[in-house]
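Peer 1: predicted model, plus sequence, below.
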Amino acid sequence: MDFPFDINQLFSERISILDQNLSASRRSMERPDLQVQISAVIDELGRASAKAQQLAAPVTSASKLQSQNHQLYLLKDRESGGGRGSAVGFLKVGYKKLFLLDQHGVHVEAEPLCVLDFYIAENLQRHGYGLELFSFMLQHKNVEPVLMAYDRPSKKFLAFLAKHYCLVQSVPQVNNFVVFEGFFLNRSAVHLRRTPLKKPDGEIKPYSMVAREVVHREQRTLPWPFAPPQSPQRSVPSQCSHPVRVGFSPSRASSPVAPSSPLGGSRDQIERYREKRSRYRS
Ligand code: ACO
């Protein structure tokens, strides 16, 4: 995705981590003109993501990022855009308090890291860029994909999770979030606790009210306990590139370094995947 300004000047790293400050560096924090350009990039990516997912409105924008405690990983390509660089895509994550059903149908309260939005420019999809972003985030957050929750994942994203992380069997929920088998095994890692079945009126809702839910009014279903479980179920693929070890206790370094874990996906693995894909396409 090209812009009429220098992406390389805005984002010095291949993957930049943006938060409420909307800054990729101290320099951009001190320059209002650069902040305006960063906002334009986030807004444009957010719009493209909404369009790709057929959402009525973007769930990602600069103003939303400023008001929420989320993190956005932005991937750029330094060489393209006539040497000014271009935006390849982004991944937005954040912690959310969720009310979930475990595999026995017991209500539990959890506050997992959630994938809230994910987008790779149309012409660059299926080239391994999504995997590069996702594995970088896993390293940076020191988290396993099985311990995360996914906010209304698209078909493409479900295929991505199945292919790269063997995440196939979801545990049915009555909200928009999808969690996979294994999520409930490591209670401390996702801050799980059982919730009482009956709650005082008006205290909490059984599902999280998120922007994604608001823009999907046409797909709204009856809330718990009136609606049947609706989480998508996928067919089992024969292989995946980074198998998930259920119940695995994270042991990676927590510093934001270049991905190297077998679970996160090393640069070699990403390159191998890209080579395989280009062979397949040519
Ligand atoms: N159809 C089916 N599966 C797809 C497609 C597609 N068009 N595109 C990607 N995938 C899945 C497949 O498993 C694919 O493997 P394959 O090509 O061997 O079948 C795998 O992803 C490819 O991996 P990457 O190349 O690393 O992924 P990519 O760079 O394409 O990024 C992403 C994945 C972000 C889902 C991208 O396809 C995209 O932007 N899609 C449109 C927007 C979208 O649906 N975002 C997810 C929203 S849901 C949420 O954010 C919670």
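Peer 2: Noted; the coordinates are in hand. Numbers count the residues shown, from 1 in each chain.
Peer 1: Glu271: what's it in contact with?
Peer 2: Gly128 (Cβ atoms under 8 Å, 6 or more residues apart in numbering). (C-beta placed from N, C-alpha, C; glycine too.)
Peer 1: next one: Tyr150
Peer 2: 114-115, 157, 161, 177-179.
Peer 1: is it correct that it falls within a helix?
Peer 2: No: Tyr150 is assigned strand when assessed by DSSP: H, G, I helix; E, B strand; the rest coil, not a helix.
Peer 1: who does it bridge with?
Peer 2: Beta-bridge partners for Tyr150, by DSSP bridges, are Val115, Val178.
Peer 1: how is whichever residue of the stretch 1-150 of the chain sits closest to the ligand assigned, secondary-structure-wise?
Peer 2: The ligand sits closest to Gly130 of the stretch 1-150 of the chain, with a gap of 2.2 Å, by Cβ to the nearest ligand atom. What three-state DSSP gives for Gly130 is helix.
Peer 1: list, one by one, the residues from this structure near the ligand.
Peer 2: 49, 52-53, 115, 117-120, 125-131, 150-151, 153-154, 156-157, 159-160, 163 (Cβ under 6 Å from any ligand atom).
Peer 1: buried ones from the residues you listed, can you make that a PyMOL selection?
Peer 2: Entered in PyMOL, the line below selects the buried ones among the residues of the chain next to the ligand, by 16 or more other Cβ atoms under 10 Å:
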select buried, resi 49+52+53+115+117+118+119+120+127+128+129+130+131+150+151+153+154+157+160+163
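Peer 1: tell me which entries of the residues of the chain next to the ligand lie within strands.
Peer 2: 115, 117-120, 150-151 (DSSP state E).
Peer 1: could I get the buried residue list for the longest helix anywhere in the chain?
Peer 2: Ranked by residue count, the top helix of the chain under DSSP state H comes out as helix 32-52. Under the neighbour-count criterion of 16+ other Cβ under 10 Å, helix 32-52 has 34-35, 37-39, 41-50, 52 buried.
Peer 1: cool, stretch 70-86 as well?
Peer 2: 70-77, 80-81, 84-86.
Peer 1: cool, and stretch 163-181?
Peer 2: Neighbour-count burial for stretch 163-181 [16+ other Cβ under 10 Å]: 163-168, 170-171, 173-180.
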